[in-house]
Each structure stands twice: as structure tokens, then as C-alpha cells.
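# 3D model of this:
(chains A and B)
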2 protein chains.
Amino acid sequence: MLLPELKLRRDKIRALMAQEGIDAALITCNANLIYTFGRVVSGYLYLPLNAPARLFVKRPSTLEGEHISLIRKPEQLPDLLQECDLPIPHKLMLEGDELPYGEYRRLEACFPDTEVVPCGTTLIRQARSVKTEIEIELFRRSGVAHAKAYSQIPSVYKAGMTDLQFSIEVERLMRLEGCLGIFRVFGRSMEIFMGSVLAGDNAAVPSPYDFALGGKGLDPSLPGGVSGSLLLPGQSVMVDLGGNFYGYMCDMSRVYSIGKLPDEAYAAHQACLDVQAAVAVVVKPGVQCEDLYALAIETVSKAGFADYFMGVEQKAKFIGHGIGLEINEAPVIAPRMKQELEQGMVFALEPKIVLPNIGPVGIENSWVVTMDGVEKLTNCPEEIVEL
Amino acid sequence: MLLPELKLRRDKIRALMAQEGIDAALITCNANLIYTFGRVVSGYLYLPLNAPARLFVKRPSTLEGEHISLIRKPEQLPDLLQECDLPIPHKLMLEGDELPYGEYRRLEACFPDTEVVPCGTTLIRQARSVKTEIEIELFRRSGVAHAKAYSQIPSVYKAGMTDLQFSIEVERLMRLEGCLGIFRVFGRSMEIFMGSVLAGDNAAVPSPYDFALGGKGLDPSLPGGVSGSLLLPGQSVMVDLGGNFYGYMCDMSRVYSIGKLPDEAYAAHQACLDVQAAVAVVVKPGVQCEDLYALAIETVSKAGFADYFMGVEQKAKFIGHGIGLEINEAPVIAPRMKQELEQGMVFALEPKIVLPNIGPVGIENSWVVTMDGVEKLTNCPEEIVEL
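Numbering: from 1, shown residues only, chains lettered A, B, ... in the order given. Modelled structure (predicted):
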């Protein structure tokens, strides 16, 4: 990553720090290090408000550079700052919603005369919610690779497959197109392997995870996604894998059918496409997220599918979410979310309906907010494809 | 999971709580919920010292049972405890090394008259380090599935593959044998996708992660593992994937060669097998971990390979680690680790050597400590297999 890009990102964080009277940030969580340093390291990026950032690195111990020093343990930080002629900060922010309590307290104790505040996660996520041109370009490339993998999905289906076997072949397609595999989520309780492939009534099984749909899973230790059931004629199957090709989590769902589906399924699918079209046409900077959600509910209600929208027994309470280095960034397109869209925000919009005895239908694409509208990043046919 | 098994596990935690004068635990991190409740939920397992455990669940909202109540937010906990005739605890432990700082503080604030202590992570990890009979049986089954996937590896190699293409086919074999894919690691900074496949000099590239070996990775956002390079004649390639088949992380490495390797590689590989044999013969309850490490260093030094043992520029400072619901549990087989092995501990032993211009050699198996020795869980030929 080039320094001007990193400086741009760091300055976005600094602008938010300045508003809070914070004169330094200590950044050590992986997604935030990728954002501010361009790669994962084991160590700390120290970001002063009014001086260049400095990396204190544990591993890899071979990393070298102008503003890079080795560190063994965080208790060395005050001395290392002094060696770099950096003052001890008056108000230091840590990543309070990501650092474990024990680690936070240990870092806090390294700065006994400093006011240490936990808002680092909130501020950095706010900075990250509006992407730079380079980030948007990485998302564009991800969208192309993601769509290329999905376009090959019909070729890997074989009659008599289980949902798991089908998922494995789709995962392989994604990996062959360059997907890194790892699925980064914000929040300690959210776990998933590459994404979810949901067929038939398994799509309606409530899970502990706050993803759009659930699934029984293969084991109680990971109760989400495929259940190992046979794919049966008359069922729909939705592929919703995370497209992490360059560190950025592209998000995209497409629906396939085993033979023909009942007419109701095509009508419900069309209702979701209509929601997508209705939302996409009004998205632009300044639009409030809750209004997009209300528009989606209104559109799907008119079509008569509100009861099955975003799940059956346990419904997701959103129709879209910001994406970036993690799959769940700001903004969230949900009720009571007054946040306004800004140019450069990237989000997934995923109107979905789960029909009893058939399965999931609907659509998900990744979008970037432009100066006066929206650009679709995941371009690939959107109808239900018969396998 | 049957209740007697869950009660056995909870009582192991209770015994440690009693020693610290703790009268209740609030458990909410996924691995600890799998351990104490048998599955992942979004919610809280409240574990009193002297009363049955109680689950307060957010998602899935359809979960029902005798000791299960619904909850929307943690601030309801005191009232919900009262409804269950459970007293407010005097000393409550939270998972201080896993809960984010913000979430810990929020839970702490729900119990203003309680002494809240952060040692939950340490105590539960201690309880988890000695496996029950049922956990050991799940590990045995994992070992069989893991070995079955590895036995098919030669069949997926094709000349001219990159390390990535080879890895993708091995990942697929693992998934087809039932691997859940997800790789659970303790500690916020450790990330990996299924495991690592390291060929040639890529195995010596230092990474930020504290795994045994490194690798450049495909992208700076995940700098570990395969680099996308061609597999070349005269190179070795080590497959080290996590075998999470039933929630338990089995660990196993095997080495393959593209054509024949120089004699030095076979000698180094034999040195690692000798380390494994030397350690395995002395493992039994009561042996100290640091003594096993010293024995490994002594054995490999005599063979003349100390300089390349466990990496080249950046060396791993351990030769083995406990495994369980996470890949890095107690005990750690490393210098200054005076912890004694106990019957029922399960660990991976991974003596490895990285040879410049050739690649990684060595072995990794998963083992359970028995009454008077050790049992190997991952049985599969251990020589270097020519592809």
C-alpha cells in the first residue's frame, strides 16, 4: 500500500480524533492495522494527531522501515515513544470494542498519567465506513472475481448432491478465483466459514448468528449454514459466500433451483428484485438508511410476501449492511437508523424471502454510493438459475 | 450433548471457582458456550456455584428447555435471576481475556453490588485443558477423518500446480470428509483459513502470526500460508490443516515432495521423527512441559539441525500445544513451562525443520495423555510421500 493512501486513511481518523480532543491512537487489531498500515502485523501502530505514525512491531521481526521499531511487550511503549521524540499523549484512544478486557487494561496501565478512552473502535469504524478511491477499486476487482466464480456454479452441480457437497464445490470455485477464504466479521460472537449455502427449509432454521438467514449447520458447534441434506427437486438453494479477494469483503447472493419451482417462488423472487430496484433508484448521498428499509418493507408488503421477508420464525431486522475489511460495517440499513448515506460508502443490499417447502429466494449485490446515485459491483444474471 | 456430560464439565469449572471464592460465572463466548452448553447460542450461560446452570438466550429465539429463558439485553440479568430464585452473586467471574473491553464493562455495570473478576477465561481454559472421555472420543473420530483426508492427498496433485491450487484441492478433501472448515483460535490477533500449506522457501517467510511456521500469504491482509508459487521439483511441501470435524481442532502435518529431495531433507525429516519418538516415549502424567521441549532441542541438536529447527530467521518458541475447541489451548510445550501433563490432556507435537532451497520437513500428530503414557490420534504414514 502506498504511503499517500495510508496517510489519507490516517488523516480521516485524525479528523475524528481532533473532534474528541484525542491526541493519539494506539491501533493493534488486525482490520484496523490493515486499514492504517496496509498489512497485518503483530504490534502497535501509534498514531499521533500531529506527527507521523510509528509502528512498533513484534512479528514479523524482520519488518524494517523508516518509522518502524521493534517491541517485545507493550510496557516498553512510553520509553520507545521518548526515543522517537514523541510526547506521552494527554488523551489516548484504544480499540475498546475489539480489544479483550485484559489486554485493554494492560495497555491502559502503560500510560498512568494519560486519559485513556475506549472509543477507538467507534471512530475508526466511522472513518472506514467511507471508502477511498483505492478501496473502491479493490472492491470493483472483488466484484468481478466474485461474479466470475458464481457464473461457474451451474457447472459444478450434480444430481443427488447434498447441500454440503454443492457448497464444497462452490467454495472451491471461489478459492480458484482468488478468494482468500477468511471471513472477517466485527463482533466476537459472529462466526461463519466462507459464507452460507441454504437449500429448502434449512434456510428457515433460526441460528444464533445475526446474519440475514440461518440454517441448522453440520454440528452444534457451528449452528449455521448447510445441514448435509440432499438437494431435492422443487427446492431452491441460495449461495451467499463472502468474496474476500483483496482483504475487502464483497457480498453477493444468487438463487438456483433443482428443476422447476412453484410459481410462488418466481413471484417472490421478483418481489425481491423489485425491492432492490426500488431502493437502488433512490440511493444517493444524504438518503437516510431507515427510509430505504421502510421502502423495502412497503414494496414487499404490496407484493404480499411480508410474512416471509428476511426469514420466517426469526427474522433479520435489516435489509443491508456496510461492507469493507469486515462483512458488517457501517451503515446498517435497518429501522431507526437515521444515518445518511455518503459518497464512497459501500454496502450490500439483500432482500430475501424464505418460502416454506421451497426455500430461499431473493438477491444480494454489493454497491458503492456515488456522487449522485449508486454503482453495482457484483454484476451477474439475477434470475433463478435452474440446475 | 447429554446433560451428565455438561454437568461434569460445569463441575470442573465450579471446582476452580470454589478455590477462588467465586459464587457464579457468566459465560458468553462461543468456545466456552460449546463447552458448557453443548452448542453455540447468542446469550449467557449463568453458572452458579451451588445451583443448576441457567441459559439466558437471545438467538435462536426458538430455543426451549427447562433452564432456558429469553433475554433481550444483559441489563435484564438481575431481574431474570430473581425470577429464577437465584441470588445476586457476591463474586462473579467474566471471560476477561475474551470479552471486548466495552462488553465487559457493560456486563460489570449490570451487577453494581457484586465483585466482578476477569479470571473466567483463565479458569475455564484450565478446566478445558483436561478433556472428558466424550471429548477424547470426539478427538479420536476427528483423528480418523483427518487421516482419511490426508491419505487421499497424493491423488489430487498434478504437475504444474501452484501451492494455492494444491491447497484448494486438499481443503476440498478435508471438507468432503466432514471438516467444518472453521478454524478456532484463542487470541484476537491469530487468523488463518483452514490451515497452511507451505512449499519450498515460502515456509521460511516470517509471518505476524504465532503459528509454528509462517509463509508469505496471498495478500498483505492475510500474510501467512501459500504464496501462489509454482510447486517445483526438488521442493518439499507441508500440509498442516486444522481438522475441526466435531468442534474439536485436531492438528496434523505431513510432508510431500515434488520428485526426489536432496539427502539432507530425508535426514532432517528423520531427525523430526526422532524428536517425536523421544518425546512420545517419556510423555505421561506428571512430566513437565519444559522437559519435553529440552529433550526435543537436545535430540535435534545431536542430529545437527538446531539452526533450522522450527523456522530460520523467525523461530517458533514451542514444539507443541494443547488442542481442543481451539487450536491453542493449555498446555504449551515450550521453555520455562513448568506445567505438568495430566491424564486426558490432548496436545499436538510438531517438530519441524525448514531447509533453505528445499522447504519444510517434519511431522505433527495429535496425542492424548493416558494413565501411563500417550495415545496417537492421527494415524497415517509419516515418511515423506513423493507426489
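# Does chain B have contacts with stretch A:67-74?
No: contact of stretch A:67-74 with chain B is not found when judged by CB under 8 Å from any CB of the partner chain; the minimum separation is 11.8 Å. No exception for glycine: its C-beta is placed from N, CA and C like everyone else's.
# what about that stretch, distance to the chain center?
30 Å (CA atoms, centre = their mean, to the nearest Å).
# Output that stretch as CSV, restricted to C-alpha atoms.
Taking Å, rounded to 0.1, in the frame of the first residue of the first chain, the C-alpha atoms of stretch A:67-74 are listed here in CSV:
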residue,chain,number,x,y,z
HIS,A,67,9.0,4.7,11.1
ILE,A,68,9.3,1.1,12.4
SER,A,69,10.8,-0.1,15.7
LEU,A,70,10.8,-3.5,17.3
ILE,A,71,8.9,-4.1,20.5
ARG,A,72,8.7,-7.1,22.8
LYS,A,73,5.9,-6.0,25.2
PRO,A,74,3.6,-3.0,25.5
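# if you average pLDDT over it, what comes out?
Here stretch A:67-74 scores 96 as its mean pLDDT.
# do stretch A:225-236 as well
In this model, stretch A:225-236 carries a mean pLDDT of 98.
# Run through who's touching it.
Stretch A:225-236 has contacts (CB atoms under 8 Å, 6 or more residues apart in numbering or on different chains) with A:160-164, A:166-167, A:192-193, A:195-200, A:202, A:205, A:215-218, A:237, A:255-262, A:265, A:355, A:358-361, A:384, A:387.
# 6 Å instead?
Identification of contacts with stretch A:225-236 by CB atoms under 6 Å, 6 or more residues apart in numbering or on different chains yields A:161-164, A:167, A:196-197, A:199-200, A:202, A:215-218, A:255, A:257-259, A:261, A:358-361.
# so what's residue A:119 scoring on pLDDT?
We have a pLDDT of 98 for residue A:119.
# Also the one 4 residues further on?
At residue A:123, the model reports a pLDDT of 98.
# How far does the one helix or strand it maps to sit from its chain's centre?
Assigned by DSSP states H and E, residue A:123 falls within helix A:120-129. Chain-centre distance of helix A:120-129: 14 Å, with CA atoms, centre = their mean.
# Kindly spell out which helices and strands sit in contact with that helix.
The elements that helix A:120-129 packs onto, with contact taken as 3 or more CB pairs under 6 Å, 6 or more residues apart in numbering or on different chains; DSSP states H and E, are helix A:3-19, strand A:329-333.
# Identify the residues contacting that helix?
Helix A:120-129 is contacted from outside by A:12-13, A:16, A:25, A:32, A:35, A:93-98, A:322, A:324, A:329-330, using CB under 6 Å, 6+ apart.
# tell me the angle it makes with strand A:329-333.
Computed by axes from the mean of the first three to the mean of the last three CA atoms, to 10 degrees, the angle separating helix A:120-129 from strand A:329-333 equals 70 degrees.
# Could I get the average pLDDT for the helix or strand following helix A:120-129?
Scanning forward in sequence from helix A:120-129 by DSSP H and E, the next helix or strand is helix A:133-151. Mean per-residue pLDDT for helix A:133-151: 98.
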